[in-house]
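**Student:** predicted model, plus sequence, below.
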Amino acid sequence: MENIQPKKIEEALRKSEEKYRVLYETIKDGIVATDINGRILECNQAYADMLGYSKEELKNMTYQQLTPPQWHQMEAQIVKERITKRGYSGEYEKEYVRKSGTVFPIAIKVWLIIGEDGKPVGMWGIIRDITERKRTEEALRRSEEQARRLSEFQSKVIDTAVVWIDLLDNEGNVTLWNRAAELISGYSRDEVIGHKKIWEWLYPDPKYRAKILAETKANFERGERVEDYLTTIRCKDGILKTISWYSNNILDEKGKPVSRVAVGIDITERKEMEEKLRQSSEHLEELVQKKTDELLESEKRYSVLVEEAGDGVAILQDEKLVFTNKRGAEILGYSRDELIGVPFEKLVDEKHRQRARERYMQLLRGETVPAPYESEAITKNGERVQVEVSPTLIHYRGRPADLLILRDISERKRMEEERLRLEKLASIGELATMVAHDLRNPLTSIRNASYYIKNACPARAKAECKTAIEMLNIIEQETLFADTIINDLLDFAVKKPLQKERQNINKLIEGSLTESNIPKNIKVERNFAKKATAIVDEKQLERVFLNLIKNALQVMPNGGKLTVTTTETKDHVEIAFSDTGIGIPEQNMNKIFQPLFSTKAKGIGMGLAICKRIVEQHGGTIDVGSKVGEGTTFVVKLPKKEASKQ
């Protein structure tokens, strides 16, 4: 491997030393940093004490020198396959040799150190002496060997234990049920021993019971020891309790498993406390505000409360970001190191910057600032994220600072918009019913009266009568247009059931083009697939095609070209209507399918909304692409097979 300048690594460590020095020197675990080849550059006192060397003696030694030879190949493989490839090892066990020559077991986790140029420059690890743990495990193994005989589990020690102890034979029958098991579950020995019914009582849900019994059987067959396995039982009085299980096989003199012992600890109260703690985290803003001085002044910024919070936590000082937790970095799309020192205005959308700056200055002056308030953050890739901001004035390292709680409310905003959309649609339905009821009859009367007057005019040849008839024709046309609007409203408000049959889509388009009376100054180009069929409602789909063709013609008043293209895939038929018209402004692109949105002088903007509803009722989609001054393309995508009923 290429040798890395030790000064580069030492410089990288020096930059973070101020943050972590207290933790580094007081932690009981050993911490060591090496170059990429394993040469020790820095370690804490716990590491030196663990090995019996001084810090100076350890410098320039390698971790390989401290490791017995039988571990070298395994550890080299871990460096190659884990640390180099993914940046960390995960915990693994090996042995170290002290200065005195004694060998002892350790558990170690290793991370890769990345230099400023993005290349690996070294490694750092956390080492724990697990001698006592190994002794404990060995003692447990010995005790398990001594516990082979079943009679020992009927002793006074088991029956007076405060933990639940039961014993299962290889058929799943209970053969031992101690006093604590009776007290926790409510079931007596007589109800349980020799009866499998206990599993139905403790786990009444069949699926959950089957899962527990299958896992118990599998552990028995594999002979595995299980630790801290949680289940929820229903006690005899109906109360639910959470039990943490520790279990292992019991072997006969020949080493054959004959039963399985389980020790259960009732952790219901602990779980309730954990749930209360989880609920309290939802009130993080108040909790952080109360504990900020104590938390930050003691340099414990990375406590569990802040680091595992569901909301972002950030600190602004001198108009720059000086701290953020993991969630805050995730919301903004940066790493935490990238955010430190960034001016906060760079992270706020331009339209919100002035207000953000004013509130920041108000807070530093000790004035009351509305909280929470909504804003938009800019992520690393330029996206806008809607956030709820709760600011609080604190003192950080002896100087005023702004503590911010950031909550991503994008999903909440989306749900609010969806709710408003549904309310709007419901209002349109009510409006359609009222309009149809209140206007249809008067419109019919106006149209009938106009028809009667036209036919009753005695002298059509007279100029004044001719003008009157022209006016009556206008009245008829406008009443018909008003009736069309009423029909559109009713069609949108009431879903009509589809009458589906397999149809030739090309043929339906041709019929729609013929019915549309294409002006002579507009050229129509057809790019049809040889075979384009789908199961659709002919009348409803023709309505979609007529509406899209009509819209295309209206945006080309001085002529142009309408291109209709059909393509067929294995599962879908796609129909594209492309015009060379004026195009759609970008600010209107996300509104054109909304009911009652229109840029036309006539009409109420229901056409495209109805088209979208019909296409989606078929199980398809309709999309649009446009560029101002060049034209617009609507693409309808329909499934070839019949969609599920709407």
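**Tutor:** Alright, I've got the coordinates. Note that this is a predicted model, so its numbers are computed, not measured. Numbers count the residues shown, from 1 in each chain.

**Student:** strands of the stretch 101-250 of the chain, start to end?
**Tutor:** Under the criterion DSSP state E, counting those that start in this stretch, the stretch 101-250 of the chain contains strands at 103-114, 120-129, 164-169, 174-177, 226-234, 240-251.

**Student:** is it possible to get JSON lines of those that adds mean neighbour count and mean pLDDT?
**Tutor:** To be clear about C-beta, it is placed using only N, CA and C from the backbone, and glycine gets the same treatment. Compiled in JSON lines, these are given as follows (neighbours: other C-beta atoms under 10 Å; pLDDT from 0 to 100):
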{"stretch": "strand 103-114", "mean neighbour count": "17", "mean pLDDT": "94"}
{"stretch": "strand 120-129", "mean neighbour count": "20", "mean pLDDT": "92"}
{"stretch": "strand 164-169", "mean neighbour count": "20", "mean pLDDT": "84"}
{"stretch": "strand 174-177", "mean neighbour count": "20", "mean pLDDT": "86"}
{"stretch": "strand 226-234", "mean neighbour count": "15", "mean pLDDT": "86"}
{"stretch": "strand 240-251", "mean neighbour count": "18", "mean pLDDT": "86"}
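
**Student:** nearest to residue 527 among those would be which one?
**Tutor:** With C-beta to C-beta as the criterion, residue 527 lies closest to strand 103-114 of the strands of the stretch 101-250 of the chain, at 53.4 Å.

**Student:** quick one, that closest one and strand 120-129 angle?
**Tutor:** 150 degrees (axes from the mean of the first three to the mean of the last three C-alpha atoms, to 10 degrees).

**Student:** with only the CA atoms kept, save strand 103-114 in CSV.
**Tutor:** C-alpha atoms of strand 103-114 as CSV (Å, rounded to 0.1, in the frame of the first residue of the first chain):
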residue,chain,number,x,y,z
VAL,A,103,-2.6,-12.9,25.9
PHE,A,104,-6.2,-11.6,26.5
PRO,A,105,-9.3,-11.5,24.4
ILE,A,106,-10.7,-8.2,22.9
ALA,A,107,-13.7,-7.0,20.9
ILE,A,108,-12.9,-4.4,18.3
LYS,A,109,-14.7,-2.1,15.8
VAL,A,110,-12.7,-0.3,13.1
TRP,A,111,-13.6,2.6,10.8
LEU,A,112,-11.7,4.0,7.8
ILE,A,113,-10.2,7.5,8.0
ILE,A,114,-10.8,9.5,4.9
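
**Student:** how far does that strand sit from the chain's center?
**Tutor:** Centroid displacement of strand 103-114 relative to its chain, using C-alpha atoms, centre = their mean, to the nearest Å, is 33 Å.

**Student:** contacts for it, please.
**Tutor:** Strand 103-114 has contacts (C-beta atoms under 8 Å, 6 or more residues apart in numbering) with 9, 12, 33, 50, 68, 78-79, 83-84, 87-98, 120-131, 134.

**Student:** and the helices in the stretch 301-450 of the chain?
**Tutor:** 304-307, 326-332, 336-339, 350-364, 410-456 (DSSP state H, counting those that start in this stretch).

**Student:** going by mean pLDDT, which of these comes out lowest?
**Tutor:** Lowest mean pLDDT within the helices of the stretch 301-450 of the chain: helix 304-307, a mean of 64.

**Student:** hmm, back to that, among the contacts of strand 103-114, name the buried ones.
**Tutor:** 9, 12, 33, 50, 78-79, 83, 89, 94, 96, 120-130 (16 or more other C-beta atoms under 10 Å).

**Student:** coming back round to it: nearest to residue 204, out of the strands of the stretch 101-250 of the chain?
**Tutor:** strand 226-234 (5.7 Å).

**Student:** elements contacting the closest one?
**Tutor:** Helices and strands touching strand 226-234, by 3 or more C-beta pairs under 8 Å, 6 or more residues apart in numbering; DSSP states H and E, are helix 197-202, helix 206-222, strand 240-251.

**Student:** tell me the gap between it and the middle of its chain.
**Tutor:** For strand 226-234, the distance to the chain centre is 29 Å (C-alpha atoms, centre = their mean).

**Student:** what's the mean pLDDT across the strand or helix carrying residue 46?
**Tutor:** Assigned by DSSP states H and E, residue 46 belongs to helix 45-51. Mean pLDDT, helix 45-51: 93.

**Student:** what packs against it?
**Tutor:** Using 3+ C-beta pairs under 8 Å, 6+ apart: helix 45-51 touches strand 30-35, helix 55-58, strand 120-129.

**Student:** with distance to residue 359 added, can I get these in JSON lines?
**Tutor:** What follows is these, written out as JSON lines (distance: least, C-beta to C-beta, whole Å):
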{"stretch": "strand 30-35", "distance to residue 359": "41"}
{"stretch": "helix 55-58", "distance to residue 359": "49"}
{"stretch": "strand 120-129", "distance to residue 359": "40"}
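
**Student:** out of those, which is closest to residue 178?
**Tutor:** Of all the helices and strands packed on helix 45-51, strand 120-129 comes closest under C-beta to C-beta, at 35.0 Å.

**Student:** what segments of the stretch 251-400 of the chain are strands?
**Tutor:** Going by DSSP E, counting those that start in this stretch, the stretch 251-400 of the chain shows strands at 257-266, 312-317, 320-324, 373-378, 384-396, 399-408.

**Student:** so which of the ones you listed is nearest residue 573?
**Tutor:** Residue 573 lies closest, by C-beta to C-beta, to one member of the strands of the stretch 251-400 of the chain: strand 384-396, at 36.3 Å.

**Student:** give me the buried positions along that closest one.
**Tutor:** 385-394, 396.

**Student:** please state the offset of that strand from the chain centre?
**Tutor:** 22 Å.

**Student:** name the strands paired with that strand and say parallel or antiparallel.
**Tutor:** strand 373-378 (antiparallel), strand 399-408 (antiparallel) (DSSP bridges).

**Student:** right, and those - which one's nearest residue 623?
**Tutor:** strand 373-378 (26.3 Å).

**Student:** who touches that closest one?
**Tutor:** Residues contacting strand 373-378 (C-beta under 8 Å, 6+ apart): 331-332, 346-349, 351-352, 355-356, 359, 384-389, 406, 409.

**Student:** tell me the buried residues in that strand?
**Tutor:** 375-378.

**Student:** TSV for these, including distance to residue 450 and pLDDT?
**Tutor:** Shown next, in TSV, are these (distance: C-beta to C-beta, whole Å; pLDDT from 0 to 100):
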residue	distance to residue 450	pLDDT
375	58	82
376	55	83
377	61	83
378	60	85
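
**Student:** can you give me the neighbour number for residue 526?
**Tutor:** The burial count assigned to residue 526 is 13, neighbours taken as other C-beta atoms under 10 Å.

**Student:** with adjacent residues omitted, what lies nearest to it?
**Tutor:** residue 564 (5.6 Å; C-beta to C-beta, 6 or more residues apart in numbering).

**Student:** separation between that neighbour and residue 548?
**Tutor:** From residue 564 across to residue 548, the span is 9 Å (C-beta to C-beta, to the nearest Å).

**Student:** quick check: neighbours shared by the two?
**Tutor:** residue 577.

**Student:** the more surrounded of the two?
**Tutor:** Using other C-beta under 10 Å, the more surrounded residue of residue 564 and residue 548 is residue 548, with 27 against 22.

**Student:** quick check: mean pLDDT of the strand or helix carrying that one?
**Tutor:** Following DSSP H and E, one finds residue 548 within helix 538-554. Helix 538-554 shows a mean pLDDT of 87.

**Student:** identify each buried residue in that helix, please.
**Tutor:** For helix 538-554, by 16+ other C-beta under 10 Å, it's 538, 540-549, 551-553.

**Student:** can I get it as PDB, trimmed to CA atoms?
**Tutor:** Extracted in PDB, the C-alpha atoms of helix 538-554 (Å, rounded to 0.1, in the frame of the first residue of the first chain):
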ATOM      1  CA  GLU A 538     -65.800   3.700 -27.000                       C
ATOM      2  CA  LYS A 539     -67.900   6.700 -26.200                       C
ATOM      3  CA  GLN A 540     -66.000   7.900 -23.200                       C
ATOM      4  CA  LEU A 541     -62.600   7.500 -24.900                       C
ATOM      5  CA  GLU A 542     -63.800   9.300 -28.000                       C
ATOM      6  CA  ARG A 543     -64.800  12.200 -25.700                       C
ATOM      7  CA  VAL A 544     -61.200  12.300 -24.500                       C
ATOM      8  CA  PHE A 545     -59.800  12.300 -28.000                       C
ATOM      9  CA  LEU A 546     -62.200  15.000 -29.200                       C
ATOM     10  CA  ASN A 547     -61.300  17.200 -26.300                       C
ATOM     11  CA  LEU A 548     -57.600  16.900 -26.800                       C
ATOM     12  CA  ILE A 549     -58.000  17.500 -30.600                       C
ATOM     13  CA  LYS A 550     -60.200  20.500 -30.000                       C
ATOM     14  CA  ASN A 551     -57.600  22.000 -27.500                       C
ATOM     15  CA  ALA A 552     -54.900  21.500 -30.100                       C
ATOM     16  CA  LEU A 553     -56.900  23.200 -32.800                       C
ATOM     17  CA  GLN A 554     -57.700  26.200 -30.500                       C
END
